[in-house]
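J.: Here is my input, please return the structure:
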Amino acid sequence: MPYVKIWIHLIFSTKKKERVITKELKQKLIEHINMTISLGTDQTIGKVAQLIKGESSNWINKNRLIKNHFEWQDEYIAVSVSESMIDKVRDYIKNQEEHHRRKSFAEEYDEFIKKYGFTKYLR
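T.: The predicted model follows:
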């Protein structure tokens, strides 16, 4: 049996980064998602991200929780997290509302792009 523990910090946003989430829905789902995931031996980041985004957007649309059709953006950021840093990343994720009082999601997203050396997408 293989032993695998790979932590990933996964970040994605609504389609076109539109602010379509109401205050009522925000408790159940937020405008953009930061999460830590652990991959199993037969999982890929792409498959897990697609599953999470697909199931959550299907749930929103099926239950008509917003007026228009809901979609997540296609792109996402996924970076590895060492076991020693997982609690720090989780604390960061828990405090998203506080972070966004100081900077927008777009600013935070661009910081992640630069910090991790992703050069394809810069505003």
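J.: quick one: low-confidence parts of this protein?
T.: Within the chain, the stretches with pLDDT under 70 are 27-30, 120-123.
J.: where exactly do the strands run in it?
T.: Using DSSP state E, the strands assigned to the chain run over residues 6-13, 32-39, 77-81.
J.: Could you list every helix and strand that the shortest one packs against?
T.: Other helices and strands packing on strand 77-81, by 3 or more Cβ pairs under 8 Å, 6 or more residues apart in numbering; DSSP states H and E, are strand 6-13, helix 105-115. All C-beta atoms are positioned from the backbone trio N, CA, C, and that covers glycine.
J.: can we see that at 10 Å?
T.: strand 6-13, strand 32-39, helix 45-62, helix 86-94, helix 105-115 (3 or more Cβ pairs under 10 Å, 6 or more residues apart in numbering; DSSP states H and E).
J.: Direction-wise, compare that strand with helix 105-115 and give the angle.
T.: Per axes from the mean of the first three to the mean of the last three Cα atoms, to 10 degrees, the angle that strand 77-81 makes with helix 105-115 is 60 degrees.
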